[in-house]
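Asks: What follows is a predicted structure for the sequence shown.
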Amino acid sequence: MTTRQVEHEITAEAPAATVYRLIAEVENWPRIFPPTLYVDHLERGAGEERIRIWATANGEAKSWTSRRTLDPDHLRITFRQEVSAPPVAAMGGTWIIEPLSDTRSRIRLLHDYRAVDDDPDGLRWIDEAVDRNSRSELAALKENVELAHGAGDIAFSFEDTVHIAGSAKDVYDFVNDAHLWQERLPHVARVRFEEPTPGLQVLEMDTRAKDGSTHTTKSYRVAFPHHRIAYKQVTLPALMTLHTGIWTFTEQEGGVAATSQHTVVLNTGNIAKVLGPEATVADARAYVQGALSTNSRATLNHAKDYAENRR
């Protein structure tokens with residue numbers, strides 16, 4: 001069996017402990033790493049954890065489970081895929097964070113892997129995916145860790161909740177059945193929906209804004225019946241460089257609380273072009289939150305009608 005070993009590295013203007021924390025806390029990953037769509041904890045113990053990761057590799061969405069060992073004293077995190085997705089037969093590696101000074105650190109990302117049946121085409125596919133993802137992850141990690149101190153204004157999260165006198169399953173079904181949104185939601189002009197594997201969805205749609213303009217977005221969605229659907233937009237409107245979200249459906253007395261949560265990073269370079277030369281970051285925040293909230297609330301209110309009519 002041929003095991004390939006590769007290493008990538010980058011230097012960041014940030015303290016080593018800060019970099020380590022961003023990598024250790026996997027809930028940060030969809031915001032930091034472009035290929036990562038969602039991460040879910042399966043088990044957590046002292047210095048050990050099992051996580052499930054959904055990510056794109058060479059343009060395809062994949063999912064796998066990894067075990068991680070966290071060593072904050074030595075700023076190292078080792079990982080090993082439990083069940084890999086073909087063409088990968090086995091995959092593991094280590095993050096090593098090395099302090100270069102109080103404010104600067106070297107980030108090393110080591111991988112070792114094998115292809116199913118030692119297939120040379122499979123190995124070539126993995127080589128390309130590991131190289132592309134490692135470069136993009138390290139560049140994004142550097143950018144995000146360096147931004148972290150000054151990103152207060154341009155990165156923000158918010159949520160909207162609607163209380164529904166119906167079942168969580170019916171509300172979940174409405175949001176999950178996005179292939180029907182063109183008929184069900186007035187603000188959706190067109191939908192292209194695929195579910196290549198159960199629970200992993202690709203949703204592309206044209207959405208109408210209040211001013212009549214339409215925006216095309218593409219998202220990957222990870223669905224957990226009947227309580228949660230997480231997503232990450234990979235084709236974004238001009239005012240955002242990042243948009244992730246989670247729909248949650250929580251049973252409560254008399255019905256269900258349906259919540260749409262958004263996390264956004266603004267694209268400051270496009271504010272003047274979209275909103276005019278006088279527009280500020282605060283204007284862009286208000287505009288983006290208003291647009292996303294309007295669409296989320298519209299979707300939740302239609303889900304409310306649907307679920308309450310089915311009681």
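Replies: It's in.
Asks: and stretch 274-294, what's its mean pLDDT?
Replies: Here stretch 274-294 scores 95 as its mean pLDDT.
Asks: hmm, I was thinking of stretch 228-247
Replies: On average, stretch 228-247 scores 95.
Asks: Mind exporting the C-alpha coordinates of that stretch to PDB?
Replies: C-alpha atoms of stretch 228-247 as PDB (Å, rounded to 0.1, in the frame of the first residue of the first chain):
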ATOM      1  CA  ARG A 228     -31.900  21.100  12.200                       C
ATOM      2  CA  ILE A 229     -30.800  22.200   8.700                       C
ATOM      3  CA  ALA A 230     -27.400  23.800   8.500                       C
ATOM      4  CA  TYR A 231     -26.200  25.500   5.300                       C
ATOM      5  CA  LYS A 232     -23.300  27.400   3.700                       C
ATOM      6  CA  GLN A 233     -23.700  29.700   0.700                       C
ATOM      7  CA  VAL A 234     -20.900  29.200  -1.900                       C
ATOM      8  CA  THR A 235     -22.300  31.600  -4.500                       C
ATOM      9  CA  LEU A 236     -22.900  34.900  -2.600                       C
ATOM     10  CA  PRO A 237     -24.600  38.200  -3.200                       C
ATOM     11  CA  ALA A 238     -22.200  41.100  -3.800                       C
ATOM     12  CA  LEU A 239     -22.300  42.500  -0.200                       C
ATOM     13  CA  MET A 240     -21.100  39.300   1.500                       C
ATOM     14  CA  THR A 241     -17.900  37.300   1.600                       C
ATOM     15  CA  LEU A 242     -19.400  34.700   3.900                       C
ATOM     16  CA  HIS A 243     -22.900  33.500   4.800                       C
ATOM     17  CA  THR A 244     -23.700  30.500   6.900                       C
ATOM     18  CA  GLY A 245     -26.900  29.600   8.600                       C
ATOM     19  CA  ILE A 246     -28.900  27.100  10.600                       C
ATOM     20  CA  TRP A 247     -32.700  26.500  10.700                       C
END
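Asks: List the buried residues in that stretch.
Replies: By neighbour count on 16 or more other C-beta atoms under 10 Å, the buried set for stretch 228-247 is 228-234, 236-237, 239-247. The way it works is simple: take the backbone N, C-alpha and C, and place the C-beta from them, glycine included.
Asks: cool, and stretch 34-44?
Replies: 34, 35, 36, 37, 38, 39, 40.
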